[in-house]
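Enquirer: Give me the fold of what follows.
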Amino acid sequence: MLDSHIGLFYPTTIFQDDWIKLAALYWDRIGRLQWRNPFWQDSDVTQQLIDELGFIIDLAPSVDEISSVSNTFAEVLNECRDVLLRHYSMSQWRGIPSGGIPLKDLPSQLHLIPEEFMTSELFDAMLNARLSVPTRYSLSPQTIENGGVIEVDFTFGNSGYSAQVSSEMLFLYMRALAERVASTQYLHLVTERALIK
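Expert: This is a model prediction of the structure:
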């Protein structure tokens, strides 16, 4: 992969259509970190780029990559817990509103890190420190139409388990994991947004 111009997209795995079409003009391919049990469906544009061009590749982080990033985050959590809580606490999280979340708002509203992207020790430490909230999600959320707005009604079952985190924590953790994966596979990090404080 060293000779190719391949970007690794983070912090999420959901592409905005305009962004991914523009990326297809610049990059040879775009990779994304693969969830074991994704809860979303790719857009028609994304699916076409996968099926017809092989432009989007799914990459599963290795156990070593996950352990390395998780251990580093656990050390930072132990040393800087109060600072992290002040900036990234989930103590104000009120949960998913009754009636669901509009489908167009799903990526920006659900800041999820799947459990397979961190060690169980870090997952538990983040929950105990109130830096995350455990969230179960369905592989196929039910959609309901409410006054012309399609909403997603999550069925909390055994399909997937993740840590709901602040948008900033999602960006920090997923950047660290993506950076680790990119360094071992000779990829270039790429995102559609910057961390704004």
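
Enquirer: Show me which helix runs longest in this structure.
Expert: helix 167-185 (DSSP state H).

Enquirer: SS state for the closest residue to L59 other than its chain neighbours?
Expert: Distance criterion Cβ to Cβ, 6 or more residues apart in numbering; nearest residue to L59, sequence neighbours excluded, is G31 at 4.8 Å. The way it works is simple: take the backbone N, C-alpha and C, and place the C-beta from them, glycine included. Following DSSP: H, G, I helix; E, B strand; the rest coil, the label given to G31 is strand.

Enquirer: picking up where we left off before, what are the buried residues along the next helix or strand after the longest helix of the chain?
Expert: Next helix or strand after helix 167-185 toward the C-terminus (DSSP states H and E): strand 188-190. By neighbour count on 16 or more other Cβ atoms under 10 Å, the buried set for strand 188-190 is V190.

Enquirer: ditto for stretch 113-120
Expert: For stretch 113-120, by 16+ other Cβ under 10 Å, it's 113-119.

Enquirer: Then stretch 38-54?
Expert: For stretch 38-54, by 16+ other Cβ under 10 Å, it's 38-40, 42, 46, 49.

Enquirer: The residues you listed: which two are farthest apart?
Expert: Greatest spatial distance among these (Cβ to Cβ): F39 and L49, at 20.4 Å.

Enquirer: ok so, going back, and which of the buried residues of stretch 113-120 is nearest L177?
Expert: F117 (6.1 Å).

Enquirer: ok, now which ones touch the closest one?
Expert: 33, 61, 66, 173-174, 177 (Cβ atoms under 8 Å, 6 or more residues apart in numbering).

Enquirer: Name the member of those residues with the most neighbours.
Expert: Y173 (26 neighbours; other Cβ atoms under 10 Å).

Enquirer: Now it. Nearest residue, chain neighbours left out?
Expert: Sequence neighbours aside, I113 is the residue nearest to Y173 in space, at 5.9 Å (criterion: Cβ to Cβ, 6+ apart).

Enquirer: if I look at the one you found, how far off is E179?
Expert: 15 Å (Cβ to Cβ, to the nearest Å).

Enquirer: if we can go back for a sec, including secondary structure, could the buried residues of stretch 113-120 go into JSON lines?
Expert: Listed next are the buried residues of stretch 113-120 as JSON lines, based on three-state DSSP:
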{"residue": "I113", "secondary structure": "strand"}
{"residue": "P114", "secondary structure": "strand"}
{"residue": "E115", "secondary structure": "helix"}
{"residue": "E116", "secondary structure": "helix"}
{"residue": "F117", "secondary structure": "helix"}
{"residue": "M118", "secondary structure": "coil"}
{"residue": "T119", "secondary structure": "coil"}
